[in-house]
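Q: What would the 3D arrangement of this be:
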Amino acid sequence: MKNFVKVIVSFDCDGTLTPKVIIWDDAQSFNIDKITDIRFTPSPKNEKAGIRYTCLIHGKQRYLFFENSRWFVKTS
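A: Okay, here's the model as predicted:
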């Protein structure tokens, strides 16, 4: 299931997007401690290509997707 979220992002001079903070609908925010992988990939249950960021948040691995100018987190 896709949970669309707000994301605070850093844009580098070369155009690289680096997500820094995920903000849920209930205004809870989570700092992204580390990004361990970035890859172009189809999103879950969808054939559209997007960018998948493998993130560490409070020591747990999460997948954050950027697709069609929107951010979402994959949940079960």
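
Q: Just grab the bridge partners of the residue nearest to residue 8 when sequence neighbours are not counted for me.
A: Nearest non-adjacent residue to residue 8, counting by CB to CB, 6 or more residues apart in numbering: residue 21, 4.0 Å away. Quick note: C-beta positions are derived from backbone N, CA and C, even for glycine. Judged by DSSP bridges, the bridge partners of residue 21 are residue 8, residue 31.

Q: Residue 21 reaches residue 28, doesn't it?
A: No. Judged on CB atoms under 8 Å, residue 21 makes no contact with residue 28 at a distance of 10.7 Å.

Q: Please identify which of the two sits among more neighbours.
A: residue 21 (14 against 9; other CB atoms under 10 Å).

Q: Distance check, the more buried one against residue 40.
A: Distance, residue 21 to residue 40, by CB to CB, to the nearest Å: 23 Å.

Q: How about residue 4?
A: From residue 4 to residue 40 the distance is 20 Å (CB to CB).

Q: And those two? Which one has more around it.
A: In terms of neighbours (other CB under 10 Å), residue 4 is the more surrounded of residue 4 and residue 40; the figures are 12 against 8.

Q: how much space is there between that one and residue 73?
A: From residue 4 to residue 73 the distance is 8 Å (CB to CB).

Q: Now do the strands in the chain.
A: 2-11, 17-23, 29-31, 34-42, 49-57, 60-67, 70-74 (DSSP state E).

Q: which residue is nearest the middle of the protein?
A: With distances taken as CA atoms, centre = their mean, residue 64 lies nearest the centre of the chain, 2.5 Å away.

Q: Contact partners for residue 56?
A: By CB atoms under 8 Å, 6 or more residues apart in numbering, residue 56 lies in contact with 32-36, 62.

Q: can you pull up the bridge partners for it?
A: Here residue 56, judged by DSSP bridges, has bridge partners residue 34, residue 61.

Q: ok, now how distant is the residue lying farthest from the centre of the chain from residue 25?
A: Ranked by distance from the centre of the chain (CA atoms, centre = their mean), the top residue is residue 13, with 20.1 Å. Look at residue 13 and residue 25: by CB to CB, they are 32 Å apart.
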